[in-house]
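A.B. asks: attaching a predicted model along with its sequence, questions to come.
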Amino acid sequence: FYTMAYVDAATYQILGNLKIITTGFLFWIALKRHLSRIQWLALVLLMCGAATSQISGCGSSVLSAPVQGYMFAVLSACLSATAGVYTEFLLKKNDDNLYWQNVQLYGFGMLFNAARLTYDDMQANFAHGSWLTNCLNGYSLVTFLIVINFSISGLFISWLQKFADTIVKVYATSSAMLLTALLSVWFFDLAPTLQLFLGMIIACISLNLYFLPADPVGLG
């Protein structure tokens, strides 16, 4: 929110891709995972590809924001990378059951959010003279499907970080973003742009480069 107070929506989206590089940096520093030069280049390409796909429709105001906006964007990227890398560390530090680890990681957040939601509902109901609260007020079938979708997505992310790593999660997230844009062309008549297709091609090249087998000559 602090970042968006200084930059426009297009610049915010583009700057959000900085977390790809900060994740790679913390992955290397904190988890002591070696990344070859080819893999570093692949991450830079992924960041450029994701940014390219978001440039469409941007005017001259892109990347012309006050310096405070860029500072907050870098801080946000670092915090996002720290959260991802530290979550991977917690999931991999022992052989506990993944679902029990999820309960430990996210149970407190669920309880505090539920308490706050109940408090807000009770405040609203008291204002209307009612003593009863219904946290599911306004929920429809679509709402429940969205909740289930996010729950399953969260489990998939945990599986990725437990049995793969945070970089794989970064590639999955970036691929999902590009796939969403492509599906929007089909379902919502979003006009396809050259930038979108260029971004997808760059991201595919990056994916192949990152997971390329190590060069026996040692160029990696």
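C.D. replies: That came in fine, so what should we check first?

A.B. asks: enumerate every residue touching the closest residue to Ile20 other than its chain neighbours.
C.D. replies: Leaving aside its sequence neighbours, Ile20 sits nearest to Met47 (Cβ to Cβ, 6 or more residues apart in numbering; 4.4 Å). Placement of C-beta: from N, CA and C, glycine included. Met47 makes contact with 17-18, 20-21, according to Cβ atoms under 8 Å, 6 or more residues apart in numbering.

A.B. asks: repeat that with 6 Å
C.D. replies: 17, 20-21 (Cβ atoms under 6 Å, 6 or more residues apart in numbering).

A.B. asks: narrow the residues you listed to those that are buried.
C.D. replies: Using 16 or more other Cβ atoms under 10 Å as the burial test, the contacts of Met47 include 17, 20-21 as buried.

A.B. asks: closest to Trp40 among those residues?
C.D. replies: Ile21 (8.9 Å; Cβ to Cβ).

A.B. asks: sticking with the closest one, tell me its helix or strand.
C.D. replies: helix 18-29 (DSSP states H and E).

A.B. asks: what's in contact with that helix?
C.D. replies: 33, 35, 43, 46-47, 77-78, 80-81, 84-85, 166-167, 170.

A.B. asks: now list the buried members of those residues.
C.D. replies: By 16+ other Cβ under 10 Å, those give 33, 35, 43, 46-47, 77-78, 80-81, 84-85, 166-167, 170 as buried.

A.B. asks: which ones among these map onto helices?
C.D. replies: In helices, defined here by DSSP state H, the members of those are 43, 46-47, 77-78, 80-81, 84-85, 166-167, 170.

A.B. asks: and the two most separated of these?
C.D. replies: Across those (Cβ to Cβ), the longest gap, 17.7 Å, separates Leu46 and Cys78.

A.B. asks: which SS class is the residue most central in space within the chain?
C.D. replies: Against the mean C-alpha coordinate of the chain, by Cα atoms, centre = their mean, the closest residue is Thr173 at 5.7 Å. State at Thr173, reduced to three classes by DSSP: H, G, I helix; E, B strand; the rest coil: helix.

A.B. asks: begin at 59 from here
C.D. replies: In the new count, where the first residue is 59, that last one comes out as Thr231.

A.B. asks: now it: how far from Arg174?
C.D. replies: 27 Å (Cβ to Cβ, to the nearest Å).

A.B. asks: show me the helices in the chain, by range?
C.D. replies: Going by DSSP H, the chain shows helices at 67-73, 76-87, 95-111, 125-150, 156-185, 199-221, 224-245, 252-268.

A.B. asks: among the ones you listed, which comes closest to Thr61?
C.D. replies: Of all these, helix 125-150 comes closest under Cβ to Cβ, at 4.1 Å.

A.B. asks: angle of the closest one against helix 76-87?
C.D. replies: With axes from the mean of the first three to the mean of the last three Cα atoms, to 10 degrees as the basis, helix 125-150 and helix 76-87 are set at 50 degrees to each other.
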